[in-house]
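> Below is the sequence, then the predicted model.
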Amino acid sequence: QVQLVESGGGLVQAGGSLRLSCAASGGTFSTYAMGWFRQAPGKEREFVATRRWSITYYGDSVKGRFTISRDTAKNTVYLQMNSLKPEDTAVYYCAAARSGDLYTSRAYNYWGQGTQVTVSS
């Protein structure tokens, strides 16, 4: 059974940093793209970042502030979030995709339960 489990969310002041982790189990994910989406209350799910092999993709709103990395041996993907803003407040979801348009949520086959990130002003 495939599981993606996020951790590392919490409350942080604007300008601060957080590091999210996502541990995958129940499958082999070396060929999958693994990434992050987020969803704020009343808003659609938004692409944040993804990584396949050594290639990374970022949403425009997080470029230059967030960094995605991956430890393939541990089946774990990380999201380092710096210079956080109140508008980054959302539930952050980890996801894994075999193929497709990696900027869209429909390309992702597996999802975690999400972790809350709250940035206070």
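Cool, the structure landed. Numbers count the residues shown, from 1 in each chain.

> Grab the most central residue of this structure for me.
Note on the chain: the residue nearest the mean C-alpha position is Trp36, at 2.2 Å, using Cα atoms, centre = their mean.

> where does Glu46 land on pLDDT?
Note for Glu46: predicted pLDDT of 97.

> and Ser105, how many residues sit next to it?
Using other Cβ atoms under 10 Å, Ser105 is surrounded by 18 other residues. (C-beta placed from N, C-alpha, C; glycine too.)

> can you pull the contacts of it?
If you count contacts by Cβ atoms under 8 Å, 6 or more residues apart in numbering, Ser105 has them with Phe37, Arg45, Phe47, Ala95.

> Remind me which helix or strand the last one belongs to.
Using DSSP states H and E, Ala95 sits within strand 90-97.

> Run me through the strand neighbours of that strand, direction for each.
The strands that strand 90-97 pairs with in its sheet are strand 33-39 (antiparallel), strand 110-111 (antiparallel), strand 115-120 (antiparallel) (by DSSP bridges).

> Present the ones you listed as a markdown table; the columns should include distance to Val62 and mean pLDDT.
Formatted as a markdown table, these follow (distance: least, Cβ to Cβ, whole Å; pLDDT from 0 to 100):
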| stretch | distance to Val62 | mean pLDDT |
| --- | --- | --- |
| strand 33-39 | 9 | 97 |
| strand 110-111 | 19 | 96 |
| strand 115-120 | 12 | 98 |
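
> Packed most tightly, which of these would that be?
Highest mean neighbour count of the strands paired with strand 90-97: strand 33-39, a mean of 24 (counted as mean count of other Cβ atoms under 10 Å).

> what's the distance between that strand and the middle of its chain?
How far strand 33-39 lies from its chain's middle: 4 Å, per Cα atoms, centre = their mean, to the nearest Å.
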